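here is my input, please return the structure:
(one chain, ligands or ions: 2)
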Amino acid sequence: MFSLNRSAFLNNPASISGSFPDKHRRILPTRVVVAGSSNRDKSNGSLLMATDESTATLKEMRDGYAEVVDPKSGVSGGVQDVYGEDTATEDQPVTPWSVSVASGYSLLRDPHHNKGLAFSEKERNSHYLRGLLPPTVISQELQVKKMLHNIRQYQVPLQKYMAMMDLQERNQKLFYKLLIDNVEELLPIVYTPTVGEACQKYGSIYSRPQGVFISLKDKGKVLEVLRNWPEKNIQVIVVTDGERILGLGDLGCHGMGIPVGKLSLYTALGGIRPSACLPVTIDVGTNNEKLLDDEFYIGLRQKRAIGQEYAELLHEFMTAVKQNYGERILIQFEDFANHNAFDLLEKYGTTHLVFNDDIQGTASVVLAGLISAMKFLGGSLADQRFLFLGAGEAGTGIAELIALEISKQTNMPLEETRKKIWLVDSKGLIVSSRLESLQHFKKPWAHEHEPVKELVDAVNAIKPTILIGTSGQGRTFTKEVVEAMASLNEKPIIFSLSNPTSQSECTAEEAYTWSQGRAIFASGSPFDPFEYGDNVFVPGQV
Ligand SMILES: O=C([O-])CC(=O)C(=O)O
Ligand SMILES: [Mg+2]
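Numbering: from 1, shown residues only. Ligands and ions are numbered 1, 2, ... in the order given. Below is the predicted model of the structure:
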């Protein structure tokens with residue numbers, strides 16, 4: 001089974017751990033055992049296995065990373081694909097090359113390798129599973145059908161969410177197969193809107209850690225904390241401090257649902273291995289009184305640290321991440337409040353591979369949506385007038401990307417293209433007379449105009465062709481506002497981007513009804529298709 005230098009591993013198992021590039025990595029009491037041979041030793045439950053039926057050969061052991069190639073199919077998981085995740089959705093034998101994978105009972109409890117009833121007869125023999133499973137062997141296809149059937153029985157979305165999380169903890173291959181095959185149905189469960197409710201109730205539904213929690217208590221020890229996470233070859237981190245979870249505000253440590261959900265999308269939609277993804281929540285306290293009084297709250301019970309104390313913990317984290325995972329680690333900032341989001345992006349933008357999803361990720365998707373909408377509208381972005389409700393991360397991030405794109409398309413200077421874009425915040429239209437008191441990220445949008453307080457008045461004054469909601473405030477695109485857009489435009493473009501559904505500026509139904517079916521509508525959280533007159537409108541999710 002081992003084709004390469006097997007005796008070296010067998011004789012000196014510690015060398016496997018010791019050869020990892022990270023010198024500080026703990027030497028686990030790992031033993032190299034060929035499952036199925038008399039050599040088997042269950043004493044520490046931590047085995048490197050090759051199976052009797054495994055046709056894999058260990059082609060390379062470089063820097064401690066194994067590349068597994070199946071000589072029959074030629075399928076390679078590639079360097080570091082220790083769990084065979086690159087072929088996770090294919091029905092193929094388990095080949096658990098790993099530094100610390102157990103067989104038998106422990107294998108059934110390892111979500112990376114567990115296949116449940118889909119373990120074949122041969123696998124049941126070679127992995128010591130006989131008797132631990134009922135006799136029937138079913139296909140992964142049937143498992144998917146069964147899970148989907150079960151999930152559809154639940155009426156309450158949060159129950160569906162919990163069933164999905166439970167599956168992720170139990171059988172990761174099946175979780176991703178189910179999600180990938182049923183994206184439209186299950187994305188609203190593992191991500192917005194249901195993930196919002198999950199975060200609100202995270203303390204009650206919490207069962208097992210799905211990522212790393214770093215709190216003020218860990219100051220000075222962040223590197224050690226990161227090293228407690230079992231995966232070493234992390235490529236992408238999604239990190240939040242929980243202060244602005246979707247449009248729901250400060251959910252403190254309960255924000256963990258967001259990095260977990262976002263990283264499920266990295267795998268299901270982006271093809272990144274689950275083991276290369278690390279969800280992180282940084283807990284510096286919360287200003288949410290309800291949570292501080294909630295007996296089931298899982299975070300620090302204190303007000304949020306700010307200023308130097310906050311900056312120091314974040315800096316220690318950013319430094320430790322590079323130390324532990326190298327220069328090329330991608331860090332996605334997610335759902336930080338405005339005041340930290342812009343500063344962190346600026347501070348670490350040149351030293352780390354970072355982006356802020358709410359400023360930059362959202363902007364790129366919305367720009368794509370607008371470019372698509374131009375096909376219905378005719379003309380180009382430069383012909384449009386834009387009005388935003390909400391001048392935070394998403395609003396100013398999208399506005400800036402639109403201005404850049406128009407500048408690129410027309411060769412007009414950025415200062416000029418910005419003038420096509422107007423933003424309304426909680427105090428009304430952003431205009432030059434407010435310049436002094438504006439936060440720095442709003443200043444580029446303070447154009448010459450008399451003050452306007454209400455959104456509907458701003459619509460009538462600016463006469464936008466495109467209205468974009470990034471306010472985090474539900475039902476703010478009122479009938480009056482949508483009707484004003486519809487009276488100004490043959491095809492008003494209306495994007496209600498705030499999440500979850502409860503915070504959406506208007507519903508799809510409202511946008512279509514109040515514009516007599518003329519609106520080009522898209523939203524941040526999904527809406528069902530809506531029948532109006534003879535047409536069925538299918539709203540896009542941006
Ligand atoms: O990307 C998304 O789903 C939107 C998002 O980050 C948010 O609402 O905070
Ligand atoms: Mg976000």
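
so the residue in the stretch 51-200 of the chain that ligand 2 sits nearest to, which of the three states?
Closest contact between the stretch 51-200 of the chain and ligand 2, by Cβ to the ion, is at residue 192 (8.7 Å). From N, CA and C alone the C-beta is placed, and that goes for glycine too. Recorded secondary structure, residue 192: coil (DSSP: H, G, I helix; E, B strand; the rest coil).

quick check: it touching residue 247?
No. Judged on Cβ atoms under 8 Å, residue 192 makes no contact with residue 247 at a distance of 9.6 Å.

which residue, other than its chain neighbours, is closest to residue 419?
residue 447 (5.7 Å; Cβ to Cβ, 6 or more residues apart in numbering).

and that neighbour, how many residues sit next to it?
Neighbours of residue 447 under the rule other Cβ atoms under 10 Å: 16.

try residue 279
By other Cβ under 10 Å, the residues close to residue 279 number 25.

the one 3 residues further on now?
Residue 282 has 23 neighbouring residues, counting by other Cβ under 10 Å.

also the one 3 residues further on?
Using other Cβ under 10 Å, the number of residues around residue 285 comes to 25.

any idea how far residue 299 is from it?
Noted for residue 285: a distance of 7 Å to residue 299, by Cβ to Cβ, to the nearest Å.

between these two, what contacts are shared?
Residues touching both residue 285 and residue 299 (Cβ atoms under 8 Å, 6 or more residues apart in numbering): residue 252.

how near is residue 107 to residue 335?
36 Å.

of the two, give the one with the bigger neighbour count.
Each of residue 107 and residue 335 has its neighbours counted (other Cβ under 10 Å); residue 335 has more, 27 against 24.

and whichever residue of the stretch 401-542 of the chain sits closest to ligand 2, helix, strand or coil?
The stretch 401-542 of the chain approaches ligand 2 most closely through residue 499 (7.5 Å), counting by Cβ to the ion. Following three-state DSSP, the label given to residue 499 is coil.

residues near the closest residue to it other than its chain neighbours, how many?
Of all residues not flanking residue 499 in the chain, residue 246 sits nearest, at 4.1 Å (Cβ to Cβ, 6+ apart). Residues near residue 246, counting by other Cβ under 10 Å, number 26.

so what's the residue of the stretch 51-200 of the chain closest to ligand 2 up against?
With Cβ under 8 Å, 6+ apart, residue 192 has these contacts: 246, 499-501, 524-526.

for ligand 1, give me its nearest residue in the stretch 51-200 of the chain.
residue 192 (5.2 Å; Cβ to the nearest ligand atom).

now do the phi/psi pair for that residue.
For residue 192, the backbone dihedrals are phi -70, psi 140 (criterion: degrees, to the nearest 10).

while we're on it, how confident is the model there?
Predicted confidence (pLDDT) for residue 192: 96.

same check, this time on the one 4 residues further on
Among the per-residue scores, residue 196 holds a pLDDT of 98.

tell me, how many residues neighbour residue 480?
Other residues close to residue 480 by other Cβ under 10 Å number 14.

then residue 122?
12.

and it, what helix or strand is that in?
helix 121-126 (DSSP states H and E).

how about the secondary structure of residue 213?
strand.

my bad, should have said residue 355
Residue 355 ends up strand, using three-state DSSP.

can you tell me the helix or strand for the nearest residue to it once chain neighbours are set aside?
Counting by Cβ to Cβ, 6+ apart, residue 332 is the residue found nearest to residue 355 once chain neighbours are left out, at 6.1 Å. Using DSSP H and E, the element containing residue 332 is strand 330-333.

tell me, what residue is most central in this protein?
Geometric centre of the chain, nearest residue: residue 262, 1.0 Å, by Cα atoms, centre = their mean.
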